[in-house]
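requesting a structural model of the entry that follows:
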Amino acid sequence: MSVKQDQAALRRLERAWDARGFARRDFLRLAGAGVSLAAIGGLLAACAAAPPPTVAPDAPTSAPSAVPSPSAVPTSAPSASNAQRPAVIATTAPATRTVGTPVRNTARLEYPSGGPFSTIEPVGRSGGSVVEVGFADARTNNPLLTTDLASNYRIGLQYLSLLGLNPDTALPYPELAATVPTRENGGIAADGRTYTFKLRTDIRWSDGTPFTANDVVFTYQTLAKKALVSPRTAEVNDRIASVSNPDDYTVVFRMNKVVAPFLTANCTGAGYGIVPGHILKDVPVDQIKQHPFSAGDPQFSVATGPFQFQEWVKDDHATLVKNATFFRGEPALDRYSFRVVKDSIAVVTSLKTGESDWGQVALSFYDEIAKQGHLATTQYDTYSFEFSGFQLDPERTTIFQDTGVRQALTYALDRESMARAIYGGLATVAQGTAPTLSFAYAPDQLQKIYDYDPKRAEALLEEAGWRKRADGIRAKDGKKLQFTIWTNAGSKSRESLVTVMQQQWKAIGVDATPKTEEWSALLARVTESRDFEMFVIGFAWDVDPDQTQMWSSKSFPPNGFNLGKYANPQVDTLLDRGLTELDPAKRKALYVEMQNILLADVPAIILFFPRGVSAVNKRLHNCKPNAVGLSPRWNTHLWWVADGK
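Numbers count the residues shown, from 1 in each chain. Below is the predicted model:
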C-alpha cells in the first residue's frame, strides 16, 4: 500500500469513527485487510496503570500536579466528537503542589481520607466476591520477582510495602510502617542519607506469625543479591548501602547517596512488597524463583494485605480469599478473583455480560462500554506510555546501531493519524519520554520533534547507505533492511499497530514482519532470553520523573528494565544528578536535558501517552479507578457488593 493510499485509508477510518459508522468487527476486518490502525495499551504493561512521586529527604513532598501546568497541557485532549458521548466520569487526580515542596503538615501523610478517590461510602453489607478482568495473566506471585503490572496488581493485595501511595495527593502514607519518616519525627537524617522506619506492632502474617523488622531486612537484603535475578537488584545496590534492624520494630536504611524519590519508590504496588522471612529464609537465593512460594502455593503463601492466595489456574483465573486478620479490619468481600480472557474484546464482553465486575478497557472500546447502563465508565490521564523498543546489543543485531536508521523509522510513522483513528482523542502523541501528568513533561522545551516526514526518513536512510533495490526494499553491504516486530497477542490494538508500522515502513523501503505471542511468553522474550530485534509494549512510569530503570547503563537485564541495552554516559550522569537533586525546578531542567539527548539517540520510539479507561459494575462500591500507585486497589478491604454475591 502506498503512502497516499495508506493515508487515505486512515482518513476514511477517522471519518467513520466520528460518524460512529463502524462496529468493532468492522475495525478488525479493516485491520485484517491492511487498513492502517494504531496502538493502545502492557511496569511492563499488557494494560496500563501508574505507579509512584518524589519525597525529598529534607521533608515529605507533594506529588507532581496531576493537572498539568499551562506549559504542560496535553496536545491531544478528547476530540470534539467526544462531547456527544454518553455521560461518564472523566477524571484526573486533583491538583497538588509541585514535587519538592516541603510539606510541614504531616497529618497529610496519614491514611487517605476525604479526597475524590479516598472518600468512600460506609460498607453496606458483607460477603460476596468481585471479579477483575484482563487479558494478561500474572507471571509470578512473588514480590521479589515481579516485572509486570498483572503480577503487581495481584501481589499488592497480599504483600504490602512499608508505605502506600495516596490516590488523591500521590503522597506516601503508612502501611506496614507506623509513620512516614520525616525530618520532624526523626525518621530522616540531616544529610538525607539515613531513613529510620518505625513499624506497626499489631500486624501478623495470615498464618499468625508476627510481622517484624526481620521481614523487611530479609526482603531488601535478598533483593540486593544478583543470584535472585530480580530487575530491582541494580536499583537496590545503587541506592542502598545497608539495611538493619536495631530492634524488632525498627528498620534503618543507610543510603549510598541522597535519593529524592526513595520513600515513594517503596510503596505498595511499586514492586517492593515485603515477603515473609520465616517462609523463605532457608531457601537458597538462586532457588527462590522455582520455589512453590513464587507460584502462590497456599502451603507457603501468607499475607499482610487484605487478601491471601487460594488458587491459580494459569491463563484462566486466580482467586484470593479475605485475610480475616487484616490489621485495618476484616475485608467486607469474601473473595477477590482475577479473570484472564483471551483478548481486549473478551474483556469488554465480560464486563457487558456482568461476568466480571471491573477492568481496564482498551480505548477503542470507550464509546461502546460507556453506553452500558450497569457500568460506571471512567477515563483519566496516566503515567504510562506505548513504545517500540530497539535491540541495541550488537552481539544480537547490528541493524539498529546507526542512529540515523532509528531516527528514520521514527519520522516514517504518522502517529497523529494513528492516534485519531484508534484513540478517538483519548491519547497524546508522545514528544519526549515524560508523560503528560509528569512535572517533567515539557514539549515546548524539546529540541527535536518527530512529526510525520517520510521524505526526511528516506533521506536519512540514504545518508546511512541503505539503497532501494528492485523489489523496493533497501539493502546495505548485501544485507536487507528487514527485522521482526514482536507484540502481545490479545491486544487487538497493538496487533493493528504493528501492522500499520509495517505498512508505513514498507513505504520507505523497510521490510518489517509483525509477530505476536501471549503476554507471558513475550515478557520472557524481552526481559529474559532477549531474543528480539524490536518489540511494541507498554510501560508505566512512577509518578516521580526518574527514568533510571529504563535508560541507565546500570539497568541492563536481568537487573533492570533497560531492555535494549542502551548506553550513553551523558544520560547516566543526568539520571544520577536528577536522582539526588531536591529542587524541583532544577530536577525538571535535568530531565528535559536528558529527554533531548534521548530524542537525538532514539533508543526506543515512545509512541503515545494514552488515557486510562476503566469500567466498574454499579453493584461494586468504593472502587474508584485512577492513575496513582496500585490504582483503586489500595482500599479493597472496604469494597462491597450491593447484592452480596
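
quick check: the residue nearest the centre of the chain vs Pro116, distance?
When CA atoms, centre = their mean is applied to the chain, the residue found nearest the centroid is Ala540 (2.2 Å). Using CB to CB, to the nearest Å, Ala540 is found at 21 Å from Pro116. (C-beta placed from N, C-alpha, C; glycine too.)

cool, and His291?
41 Å.

give me every residue that touches the residue nearest to Ala489 when sequence neighbours are not counted.
With CB to CB, 6 or more residues apart in numbering as the criterion, Ala489 has its nearest non-adjacent residue at 4.0 Å, and that residue is Thr516. Thr516 sits next to Trp486, Thr487, Asn488, Ala489, Glu495, Val498, Leu522 when contact means CB atoms under 8 Å, 6 or more residues apart in numbering.

contacting residues for Gly354?
His374, Asn617.

gap between it and Asp643?
11 Å.

verify the contact between Arg530 and Pro557 for me.
Yes: applying CB atoms under 8 Å, one finds Arg530 in contact with Pro557, separated by 6.2 Å.

re the thing from before, quick one: which of the contacts of Thr516 is nearest Ala136?
Closest approach to Ala136 among the contacts of Thr516 (CB to CB): Asn488, at 7.2 Å.

OK, contacts around the closest one?
Asn488 neighbours (CB under 8 Å, 6+ apart): Gly42, Ala46, Ala136, Arg494, Thr516, Glu517, Glu518, Trp519, Leu522, Ile537.

surely the fourth one touches Thr487?
Yes: under the criterion of CB under 8 Å, Arg494 lies in contact with Thr487, with a separation of 4.5 Å.

overlap in contacts of these two?
Val536, Ile537.

poorly predicted segments of the stretch 1-150 of the chain, please.
1-108 (pLDDT under 70).

for Glu463, grab phi and psi.
Note on Glu463: its backbone torsions stand at phi -60, psi -30 [degrees, to the nearest 10].

nearest residue to it in space, please, no chain neighbours.
Gly404 (5.9 Å).

what does Lys448 give?
Nearest to Lys448 is Leu599, by CB to CB, 6+ apart, at 4.3 Å.

how many neighbours does that neighbour have?
Number of residues near Leu599 (other CB atoms under 10 Å) recorded here: 19.

show me how far whichever strand or helix holds it is from its chain's centre.
Using DSSP states H and E, Leu599 sits in helix 584-601. Remark: helix 584-601 is offset 21 Å from the chain centroid, using CA atoms, centre = their mean, to the nearest Å.

show me what that helix is packed against.
helix 403-411, helix 569-580 (3 or more CB pairs under 8 Å, 6 or more residues apart in numbering; DSSP states H and E).

same thing but at 7 Å, please
Here helix 584-601 touches helix 569-580, going by 3 or more CB pairs under 7 Å, 6 or more residues apart in numbering; DSSP states H and E.

next, the buried residues of the helix it packs on.
Val571, Asp572, Leu574, Leu575, Asp576, Gly578, Leu579 (16 or more other CB atoms under 10 Å).

tell me the two of the residues you listed that are most distant?
Val571 and Leu579 (12.5 Å).

quick one on the thing from earlier: more neighbours: which of Arg530 and Pro557?
Pro557 (20 against 17).

about what we covered before: test my guess that the residue nearest to the centre of the chain contacts Asp148.
No: when contacts are counted by CB atoms under 7 Å, Ala540 is not listed as touching Asp148 (9.9 Å).

which of the contacts of Thr516 lies closest to Asp315?
Ala489 (11.6 Å).

was I right to think that closest one contacts Ser520?
No: at 10.8 Å, Ala489 and Ser520 do not qualify as touching, with contact defined as CB under 7 Å.

okay, these two: which has more neighbours?
Ser520 (20 against 17).

any idea of the mean pLDDT for the host helix or strand of the more buried one?
Assigned by DSSP H and E, Ser520 belongs to helix 519-524. Here helix 519-524 scores 90 as its mean pLDDT.

try stretch 481-498
91.

check which residues of that stretch are buried.
481, 483, 485-498.

with only the CA atoms kept, save stretch 366-378 in CSV.
Extracted C-alpha coordinates of stretch 366-378, given in CSV (Å, rounded to 0.1, in the frame of the first residue of the first chain):
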residue,chain,number,x,y,z
TYR,A,366,-14.7,3.7,25.0
ASP,A,367,-17.9,4.5,23.2
GLU,A,368,-19.2,1.0,23.4
ILE,A,369,-18.6,0.5,27.1
ALA,A,370,-19.8,3.9,28.1
LYS,A,371,-23.3,3.1,26.8
GLN,A,372,-23.7,0.2,29.3
GLY,A,373,-26.2,1.4,31.9
HIS,A,374,-24.9,-1.1,34.6
LEU,A,375,-21.3,0.2,34.3
ALA,A,376,-19.7,3.4,35.5
THR,A,377,-17.0,4.3,33.0
THR,A,378,-14.1,6.4,34.0
